[in-house]
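1. Prediction below, plus the sequence it came from.
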Amino acid sequence: MPGVLRLALFQARRDRVTLPVWIMGITLLGFATSSAVVIQFGDEASQAAILTLAASNPAFLFLRGVPDGTGVGAVVFFQGFAFTAVLAGLMSTFLVVRHTRTDEELGRAELLGAVPLPRAASLTATLVLGTVANLLLAVFLAAGFVAAGLELPGAAWAGAAVGAVGACFVGLAAVTAQVLPSGRSANGAAAGLVGAAYLLRGAGDALGTPAADLLHVTSAWPSLLSPIGWGQRSRPFTSPDLSALLVLIVGALALGALAVLIRRRRDVGASLLPQRDGRERAGAGGTSFVGLAWRLQRSTLAGWCVGAATLGAVAGALGPLVSETVSSVAPLKELISRLVPGGQAGLIDVFVTALLGIAGVFAAAAGIQAVLRMRAEEAEGRSEVLLSAPVARARWLGANLFTAAASATVVAGVAGVAAAVGLALSGTAADGPAGSLVSAALAHVPAALVFLAAASLVFAFAPRLSILLGWGMLAAGLVLGEFGELFGLPVWLQDVSPFRHSSAMPVESFNLTGALGLTVTAAALAALAAYFIRRRDVTT
């Protein structure tokens, strides 16, 4: 046990910058959300108005969660829990994979294996570190809620709910790291599981049953398949439910024990799914920068496409079903007829538009990941060998930018096609919304190009900060676009987010000026990246 604790302290030292950034960033988001709700929805009439609006809009329920009555704390939990839980899940999965499968891939675990410690000691230390990180997150988040003016008991329960969700994803990521052969594939799969948990929770919430007062919504059964859905069921500010948190804790313990059992039975570097050997000779595409970038990105792109196709299919197939479910509640049907132009057909458009907006975030993330792959190649020494040939660095950057842009376009297109197919199979006429969903999804590509071009500029100018700032810019853009109005931020600050300039089709018409502005901005950032990369050395 002392050896495990020392390993956990060693891993914590390696994460002395990364973990505090995650924890404080999530805490700051929770504090900002709470403060904004206190300011904007401090009286019961305002709270009832926002909850009634949410109950009438399944897209709102899909994105945010289900309302659970009036009260500042209840509105805060409704507005921010789902997004905060996703961040806790990503923090946990990246932490676990970083200290398990990635360490094995880079040879660090083999060095630790030479020490007289149990085979699973390093994994156990990672599980301890992940649990402590989520415990600290729960404490800091609760403190942020209290600082914003929420009651201590509810704040403590809300922080515990987020921490329990994060702990569950610690165990899930630990099992994933035993199954997959590389850090990149394990990271992608674990992050995909976080996204799947969000989608399941969203589907269950969108199909939920509103109460007669339209201030409460009961989630449908798909929410029970998601750790985020169980965390939401804890209801910290109305009637705290310990059983929901116990389900998450028991799940975390069971998954952690399973991961340790698998680790004890396998060798260092092995995995339940073995890695395939490559061909002896490269194909025609392997002799070019673009071909190499494509080969490095194709498996990751496949994962993003699966996620985008799932999201698009949910948007298309679930839209009419949600509309029918909502129309069965008489007070809600009457409210929709007043609030949503086009009635039930307009409600489908709103729902599909909201989910295709998430597909735009997927597209941006796929492009950023393709760009940041260059940093991994550079840090692990492979780019130095590659650039020892008489080739320009700008060509290497350009090839990866081309692949990143193509990845973003493909991911968005796949989401649009899946949404159109799902909507058509649901019985909705193809000449209605389904015929324009592909272009609606592709309308988010210009915003995605800005993010990947900005990530390439950071890589060219400050490579050691590229991963942190690359994903940080995407998170900041998402927060400004999603929560800017809630936080009461100035319009000019909200407009910094490229997502604010994407056309929300089919609800809105295509904004050609905004798309051209985003494309020109992306081209300018890419040109600056090409300029700076020629003037710096290769770093590790």
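-> Perfect, thanks for sending it. Note that the structure is predicted; figures quoted are calculated from it, not measured.
2. For F83, give me its contacts.
-> Residues near F83 by CB atoms under 8 Å, 6 or more residues apart in numbering: L29, R64, E482. All C-beta atoms are positioned from the backbone trio N, CA, C, and that covers glycine.
3. how about TSV for those residues, with secondary structure, neighbour count and pLDDT added?
-> Formatted as TSV, the contacts of F83 follow (DSSP: H, G, I helix; E, B strand; the rest coil; neighbours: other CB atoms under 10 Å; pLDDT from 0 to 100):
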residue	secondary structure	neighbour count	pLDDT
L29	helix	20	89
R64	helix	19	84
E482	helix	16	77
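4. Put together JSON lines for those, with distance to A313 on each row.
-> Listed next are those as JSON lines, based on distance: CB to CB, whole Å:
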{"residue": "L29", "distance to A313": "30"}
{"residue": "R64", "distance to A313": "21"}
{"residue": "E482", "distance to A313": "23"}
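5. Between those, which sits nearest G229?
-> R64 (13.2 Å; CB to CB).
6. where's that closest one relative to S234, distance?
-> 16 Å (CB to CB, to the nearest Å).
7. How about L246?
-> 10 Å.
8. If you count surrounding residues, which of these two has more?
-> S234 (26 against 13; other CB atoms under 10 Å).
9. part of a helix, is the more buried one?
-> No - judged by DSSP: H, G, I helix; E, B strand; the rest coil, S234 forms no part of a helix; its state is coil.
10. Ramachandran angles for it?
-> Main-chain dihedrals, S234, degrees, to the nearest 10: phi -70, psi -20.
11. pLDDT weak spots in this structure?
-> 1, 113-114, 277-287, 319-347, 426-435, 540 (pLDDT under 70).
12. wait, P58 sits on V352?
-> No - using CB atoms under 8 Å, P58 is not in contact with V352, being 10.6 Å away.
13. Comparing the two, which residue is more hemmed in?
-> When neighbours are counted by other CB under 10 Å, P58 and V352 differ, and V352 comes out ahead with 33 against 30.
14. Which stretches in this protein count as strands?
-> Taking DSSP state E to define them, one finds strands in the chain at 209-210, 217-218.
15. per-domain residue ranges of this structure.
-> Domain assignment for the chain by automatic domain parsing gives 1-268, 285-540.
16. mind putting the ones you listed in CSV, distance to P274 included?
-> Below are the domains of the chain laid out as CSV (distance: least, CB to CB, whole Å):
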stretch, distance to P274
domain 1-268, 6
domain 285-540, 15
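17. Of the ones you listed, give the one that comes closest to R276.
-> Nearest to R276, of those and by CB to CB, is domain 1-268 at 8.8 Å.
18. ok now the closest one, how far from the chain's centre?
-> In this view, domain 1-268 has its centroid 12 Å away from the chain centroid, taken as CA atoms, centre = their mean, to the nearest Å.
19. can you offset everything so residue one is 240?
-> Sure, I'll start numbering at 240, so the last one becomes domain 240-507.
20. Provide a list of residues in contact with S361.
-> L246, H338, T339, D342, A348, L351.
21. Let me fix that, I meant to ask about S424.
-> Per CB under 8 Å, 6+ apart, neighbours of S424: S538.
22. again, only using 10 Å
-> V336, R340, E344, T415, A416, V418, S510, L512, Q514, S538, T539, G542 (CB atoms under 10 Å, 6 or more residues apart in numbering).
23. nearest to P357, of those?
-> For the contacts of S424, the nearest to P357 is A416 (17.2 Å; CB to CB).
24. Would you enumerate the residues in contact with the closest one?
-> A416 neighbours (CB under 10 Å, 6+ apart): 332, 335-343, 362, 365, 422, 424-426, 428-429, 498, 501-502, 510.
25. Out of those residues, list just those in helices.
-> 332, 335-338, 340-343, 362, 365, 422, 424-426, 428-429, 498, 501-502 (DSSP state H).
26. so what's the nearest residue to I265 once chain neighbours are set aside up against?
-> Nearest non-adjacent residue to I265, counting by CB to CB, 6 or more residues apart in numbering: L326, 5.0 Å away. Each residue near L326 by CB under 10 Å, 6+ apart is listed here: W261, G264, I265, L268, G269, L376, V401, G405, V433, A714.
27. Restrict those to the buried ones and give me that as a PyMOL selection.
-> Selecting only the buried entries of those in PyMOL, with 16 or more other CB atoms under 10 Å as the criterion:
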select buried, resi 261+264+265+268+269+376+401+405+433
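28. Let's have the contacts of L326 in TSV, adding distance to R774.
-> Formatted as TSV, the contacts of L326 follow (distance: CB to CB, whole Å):
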residue	distance to R774
W261	32
G264	32
I265	36
L268	36
G269	41
L376	40
V401	43
G405	41
V433	38
A714	29
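29. Mind picking the two most distant members of the contacts of L326?
-> Farthest pair in the contacts of L326, by CB to CB: G269 and V433, 17.9 Å.
30. picking up where we left off before, which of the contacts of S361 ranks first by neighbour count?
-> H338 (28 neighbours).
31. Going by distance to A313, which of the contacts of S424 wins?
-> Distances from A313 to the contacts of S424, taken by CB to CB, are shortest for T415, at 33.9 Å.
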